[in-house]
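*Asks:* missing the sequence, but the structure's below:
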């Protein structure tokens, strides 16, 4: 199973949109996917049509109530399971203030779930975690539990600043908590190809990775994905209908872009034309 945390300490950059539509694109291509919503705002949960609090358990109970991941899992479509968020997640740091090993709770739950470790028929191919727009305990748990981090980045002049801060966090987690952790890459969201700023920022990010000497092993092989997620009003509208872009506007640029990103992420299917056909 590949495990990916979608993270950025800044809000409004396409993090949840990327988490949801990447997970759905992979599921539509036949991959079995678990989407974990760790943002107390529960936007990813709502985005896939699940009502926060409708079930007996949520991600909060996984952290604080010692519930297994399976107990909080809810089907959100073919090949897609979601562990829903809840507003109570906002209080998880207080609830776990005195708990030893609190940064590794999610890792323990994942390792205890047969669907995540293999050997069962309905095992997951992917675990995608939507992190909150902060670098607190929830994001730390996500990075301690996964192998890869995907960074959505909006192409503006502060992009490199946000990138450097996240790289510092990844380095710290890799050095002290999770030595497997790697930055999978950067995906540029809300991209406007006709603007000079977007083009220059994209070039700057690529140059940043190409020219850094003595780079940390946790991001030494990171890439800037060739797919650009174009600014598209349909992507902004889809969450209010509880649908991914593939259900809401399958013919839109947003659907095309996230299908292409899923193909890039799913490296094992890089030459599989059938993968593209099934997502489209």
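*Replies:* Received, thanks. These numbers were taken from a predicted model, which means no experiment stands behind them.
*Asks:* in the protein, which ranges drop under the pLDDT threshold?
*Replies:* Counting by pLDDT under 70, the chain has low-confidence residues at 159, 212-214, 268-280.
*Asks:* other SSEs contacting the longest helix belonging to it?
*Replies:* Longest helix of the chain, by residue count under DSSP state H: helix 159-176. For helix 159-176, the packing partners by 3 or more CB pairs under 8 Å, 6 or more residues apart in numbering; DSSP states H and E come out as helix 137-145, strand 148-153, strand 182-188, helix 196-211. For glycine as for every other residue, the C-beta is placed from the backbone atoms N, C-alpha and C.
*Asks:* which residues touch residue 177?
*Replies:* Neighbouring residues of residue 177 by CB atoms under 8 Å, 6 or more residues apart in numbering: 103, 104, 140, 143, 144.
*Asks:* Now do the third one against residue 92, distance only.
*Replies:* Meaning residue 140. Distance, residue 140 to residue 92, by CB to CB, to the nearest Å: 11 Å.
*Asks:* quick one, which of these two is more surrounded?
*Replies:* Neighbours around residue 140 and residue 92, counted as other CB atoms under 10 Å, are more numerous at residue 92. The numbers are 23 against 20.
*Asks:* Helix, strand, or coil at residue 109?
*Replies:* Secondary structure state of residue 109, per DSSP: H, G, I helix; E, B strand; the rest coil, is helix.
*Asks:* Please name the nearest non-neighbouring residue to it.
*Replies:* The shortest distance from residue 109 to any non-neighbouring residue, by CB to CB, 6 or more residues apart in numbering, is to residue 69 (4.8 Å).
*Asks:* Next, count neighbours for the one you found.
*Replies:* If you count neighbours by other CB under 10 Å, residue 69 ends up with 23.
*Asks:* That one contacts residue 83, correct?
*Replies:* Yes - at 6.3 Å, residue 69 counts as touching residue 83 under the criterion of CB atoms under 8 Å.
*Asks:* rewinding a little: and which of the contacts of residue 177 is nearest residue 195?
*Replies:* For the contacts of residue 177, the residue nearest residue 195 by CB to CB is residue 143; the value is 32.3 Å.
*Asks:* How many neighbouring residues does the residue nearest to that closest one when sequence neighbours are not counted have?
*Replies:* Excluding the flanking residues, the one nearest residue 143 by CB to CB, 6+ apart is residue 173, at 4.5 Å. When counting by other CB under 10 Å, one arrives at 22 neighbours for residue 173.
*Asks:* coming back round to it: list residues touching both of residue 69 and residue 83?
*Replies:* Joint contacts of residue 69 and residue 83 (CB under 8 Å, 6+ apart) are 34, 62.
*Asks:* So which residues of the protein form strands?
*Replies:* Using DSSP state E, the strands of the chain run over 2-6, 33-37, 74-75, 80-83, 126-130, 148-153, 182-188, 223-224.
*Asks:* if we can go back for a sec, let me know the closest of the contacts of residue 177 to residue 48.
*Replies:* Nearest to residue 48 among the contacts of residue 177: residue 143, at 22.7 Å, using CB to CB.
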